[in-house]
Structures are given as C-alpha cells and as structure tokens.
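Novice: Sequence first, then the predicted structure, then my questions.
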Amino acid sequence: MDNQKKHVWMHIGAGSFHRAHQAWYLHRLLMQGDTRWSIALGNIRGDANALLSALEKQHGEYILETVTPAGERKYERITSVKKVLPWDEQLTALVNQGADAETGVISFTVTEGGYYLDTEHRLDPKNPDIQADLQGEARTIYGTLERILRQRIKRKAGPVTLLNCDNLRHNGERFRNGFLAFLALKGDMPLLDWVKNYTTSPNTMVDRITPRPTADIAPRVAEKTGFKDLAPLMGEAFIQWVIEDDFIAGRPALENVGVEMVQSVLPWEEAKIRILNASHSCIAWAGTLIGQSYIHESTQTQSICEMAWEYVTQDVIPSLSPSPLDLNAYRDVVLDRFRNPYIQDTNQRVAADGLSKIPGFITPTLLECYDRDQIPRATTVLPALFFLFMERWHQNELPYTYQDGILDAAEMHARFNSADPLAAFARDEALFGPLASKASFERLLRDTVQSLRSWIKEQTTDLVVSQ
C-alpha cells in the first residue's frame, strides 16, 4: 500500500456502535501520526438524519465517554470521521463515495436482522424488503451495495473489501453468501462475477457495550471537556476487535492499535456470540419480565444472573471445548461487565431483534446439546423467556416499544391468538431449525415456560412487598 496515498474507509450504519468501536480504532491510528485512512459515514435509511446533521456541523468530530465498572470515566474527541454523507432516497452521497477509487473498505453495521437469513443461513427471498430491492429499491445492505458496486465498475474504481461488523456468526461469509444469492436472483451475472473476483469479505468479531445515548451525557461532556457536543455517546472501557486478515484493496495498520489480525476468528466469534450476546439477551428478557429497566440491575438480581451463568456453564462451555480461550474466565468477565452500573444500558436496547438472536445465538447450543445426548435445560430457559416476553408484547404490556427488524407484527399477533401459541412457537423452523419437529424439545419448552411463569410471579410479588 502506498505510504503517502490517502484512503477512505466508508461505513454504512451511523449508529452508536460504529462510532464507539471502529471509529475509535481509526482515531487511535490518527493519534499515532498514521493519517493514511479516514472514515466517510453514511446510512441506508433516513432515521439517522439528525445525527448526521449534528456530526456535519462538528466536522465529523464528537466526544466518546468511556466508563469502567469502578466508575472511572475518560473522554476522547474522536476525529476519524472526516466526511459525513448526507442521506437522500437515492443514496447519492453513499453511492458516490463507495464508487470512488480512494474507498478501499466498505464496512457496515445493520444489526443481525439486516441480513435476512433463514435458519440455514441462506437469504430469505420472500422478505418484503428483499423483494423491494430485487425490484430496484435500496432498503437493505444488498440493494445498497448493488447500487454502489454497479457505479464502482462503471468508474473502473477497482477492488474493495466488504467488511461486516455485526454480531453475526461467520459474519463476512454469511453476508457474502446472502449478497451473491441476491445478485443471482436479480439475474445480474456480470456484477455477481465482479463481486466474486474483486471483493473480499473477512469474518470479524466486534465487542464493546454501547448503550443508546441518554440526555445526561451531553451536559457531562460539556462540563468535563468544555465542548458542547451535539452528538456525544458513551460506552464501556472494554473493547475488542478480531479480524481475518483478508483485505483485497489495502487496509489501515490496525494491529498497531490493538486489533487482533488472525487467520480465523472462529474461537473468538463463538465465545462472544454464545457467551456474551446470548447471555445479554437472556438478562434483558428476564429483567423486563419482572419490571426492571437496566442491564446492570438485572445482572445484579441473583436468580437472573444464575440463569445466564448456568446456561454458559452447563451447555455452552461443553459445546465450545476445547478452545484457545479460557471460557470460564471469559464468562466471569462478561458478567462483571454487565454489572457495570455506570453504563446504564437498557433492557430495551438489548432485548431487541430476538427473532434473529434465537436462531443465531441460541439454537446452535440447543442442537449441540441434543447431539451429545444432553438435555439442554439451561439453554431452553432463553427461548422460554423470549416466548413470555413476546406474549407480553402481544398483550401490549411491555414497558417500552420492542424493535425487531424481521418482526411481522400481524403474523405474530395471529400466533398468540391461536389455540396453542407455545406449540406454534416451538414448531417454528425459522427459530429452531430441526428442533421444530422434535416433540421432546416442545415438552421441555412447555415445562420451562411454566416454571418461569412461577418465577416471574415470585419475583414480582417480592418486588411489591419490598416496596
């Protein structure tokens, strides 16, 4: 890579996580004097326009507040976003930047549900958003990249790395398979061949808890830094990024700022998704069901913490062993991070997108337990909690709006209005794959749901008495 040439890392998905994670790493490179790479930031949808406008006014700069479990706060002005890409319905700025030869990496964070994959990890062509993109729209990452890369070919801009930064197992590989399937359905063979030959999609593992910004951050940032930030955010002090070193058009020297560049991310990925992500969802669903609002208070509730601990210890660690990681130590670090009261991470944020998290984070452990003739009692607690959570959603009794990128509200309400909602849930192949036809799993799920109903009643009774 030319040591003098300037390169652009374009990111699609102007959410908090990118600004607290990938942008932080590139900022650290700039602080070391390596100015070869900078970020151009944009969004597929118009829901981030206020944020993009705020960042534009600040020339892409903002303050990141990080906090340790002991309450130690640190403030950094992140300077790696050098270009803010305004949104319009045609994605004009996004397409122009992505098609520019100086753009060597296009990364994205569109949540787990944003890839529209079924339980076999194949693209779901029936999804309305995918259907719309097949007709020429750009609602999804696939339609967006099709538009960008078509223009890139026209400009002869050369190869580019397509980097998935979402919590999706084998995220680069599964995104790539989905994208190639989309292009095949579209019938665009020249573009499909170009993508195969002139792009790479490394797998990655990303980790930093980043809650949605709350109103108290800006005043604290102003007091501590003197900067009246229009787009501040906060995250935990812990951060990790593991990437397979397969960049087709050059890359920043990420290894100089603590990124682990590896041949395979699999051990880190599996540990993170099953131990951290699935436990996080377990705690959020359970905490919501007994009237709690924050991850730390739910993790500090002994019975909820025990659910997560037992799930990892009884079922996940045997599934992932042997591993180059100390899985017991990783479990304990994760739970300690969740107990951090200063993050103020909400159960609402973590509870989101359960319809993607069940098949992605949880069902693999269920299947592996059955494969080794072990009854997955501890893991079954997680989908049972989600069933009870969605039952509350159906009854309009959740304390917040539930967000799920692949939720068909009418279909879900119909399920809960049926004669046996739990049977419909247990037999859902999109959630449980081959377990959907396993009678013993359905019985286990019924028993677990019934047990959790009693637990919820006990917990809420204790809460009323304590008040």
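Specialist: Looks like it came in fine.
Novice: what's the helix or strand for the nearest residue to residue 230 once chain neighbours are set aside?
Specialist: Using C-beta to C-beta, 6 or more residues apart in numbering and skipping the chain neighbours, the partner closest in space to residue 230 is residue 54 (3.7 Å). (C-beta placed from N, C-alpha, C; glycine too.) Counting by DSSP states H and E, the element that carries residue 54 is helix 49-57.
Novice: Could I have the CA atoms of that helix written out in PDB?
Specialist: Backbone C-alpha positions of helix 49-57 (Å, rounded to 0.1, in the frame of the first residue of the first chain) are rendered in PDB as follows:
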ATOM      1  CA  ASN A  49     -30.500  12.300   9.600                       C
ATOM      2  CA  ALA A  50     -30.500  14.200  12.800                       C
ATOM      3  CA  LEU A  51     -27.300  12.600  13.900                       C
ATOM      4  CA  LEU A  52     -25.600  13.000  10.500                       C
ATOM      5  CA  SER A  53     -26.600  16.700  10.600                       C
ATOM      6  CA  ALA A  54     -25.100  17.200  14.000                       C
ATOM      7  CA  LEU A  55     -21.900  15.500  13.000                       C
ATOM      8  CA  GLU A  56     -21.700  17.600   9.900                       C
ATOM      9  CA  LYS A  57     -21.900  20.800  12.000                       C
END
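Novice: Following element in sequence after that helix, please.
Specialist: strand 62-67.
Novice: same question for that next one, mean pLDDT?
Specialist: What strand 62-67 shows for mean pLDDT is 97.
Novice: Return the set of buried residues in that strand.
Specialist: When neighbours are counted by 16 or more other C-beta atoms under 10 Å, the buried residues of strand 62-67 are found to be 62-67.
Novice: what's the answer for stretch 168-186, then?
Specialist: 168-183, 186.
Novice: Out of these, list just those in helices.
Specialist: Using DSSP state H, the members of those that fall in helices are 171-183, 186.
Novice: which one of the residues you listed sits closest to residue 140?
Specialist: Nearest to residue 140 among those: residue 182, at 8.3 Å, using C-beta to C-beta.
Novice: Which elements pack onto the worst-scoring helix or strand of the chain on mean pLDDT?
Specialist: Across the helices and strands of the chain, mean pLDDT, DSSP states H and E gives its lowest value to helix 439-466, namely a mean of 88. Applying 3 or more C-beta pairs under 8 Å, 6 or more residues apart in numbering; DSSP states H and E, one finds that helix 439-466 contacts helix 377-394, helix 421-426.
Novice: ok so, going back, closest one of the buried residues of strand 62-67 to residue 101?
Specialist: For the buried residues of strand 62-67, the nearest to residue 101 is residue 62 (28.1 Å; C-beta to C-beta).
Novice: In contact with the closest one, which residues?
Specialist: Listed by C-beta atoms under 8 Å, 6 or more residues apart in numbering, the contact partners of residue 62 are 19, 55, 77-78, 81, 229-233.
Novice: Reformat these into a markdown table and put distance to residue 150, secondary structure and pLDDT next to each item.
Specialist: As requested, the contacts of residue 62 are exported to a markdown table (distance: C-beta to C-beta, whole Å; DSSP: H, G, I helix; E, B strand; the rest coil; pLDDT from 0 to 100):
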| residue | distance to residue 150 | secondary structure | pLDDT |
| --- | --- | --- | --- |
| 19 | 29 | helix | 98 |
| 55 | 28 | helix | 98 |
| 77 | 37 | strand | 98 |
| 78 | 32 | strand | 98 |
| 81 | 26 | strand | 98 |
| 229 | 37 | coil | 97 |
| 230 | 35 | coil | 97 |
| 231 | 32 | coil | 97 |
| 232 | 37 | coil | 98 |
| 233 | 34 | strand | 96 |
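Novice: got JSON lines for these, with distance to residue 442 and neighbour count too?
Specialist: What follows is the contacts of residue 62, written out as JSON lines (distance: C-beta to C-beta, whole Å; neighbours: other C-beta atoms under 10 Å):
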{"residue": "19", "distance to residue 442": "43", "neighbour count": "30"}
{"residue": "55", "distance to residue 442": "49", "neighbour count": "21"}
{"residue": "77", "distance to residue 442": "54", "neighbour count": "14"}
{"residue": "78", "distance to residue 442": "49", "neighbour count": "20"}
{"residue": "81", "distance to residue 442": "49", "neighbour count": "26"}
{"residue": "229", "distance to residue 442": "51", "neighbour count": "21"}
{"residue": "230", "distance to residue 442": "51", "neighbour count": "15"}
{"residue": "231", "distance to residue 442": "47", "neighbour count": "24"}
{"residue": "232", "distance to residue 442": "48", "neighbour count": "22"}
{"residue": "233", "distance to residue 442": "43", "neighbour count": "25"}
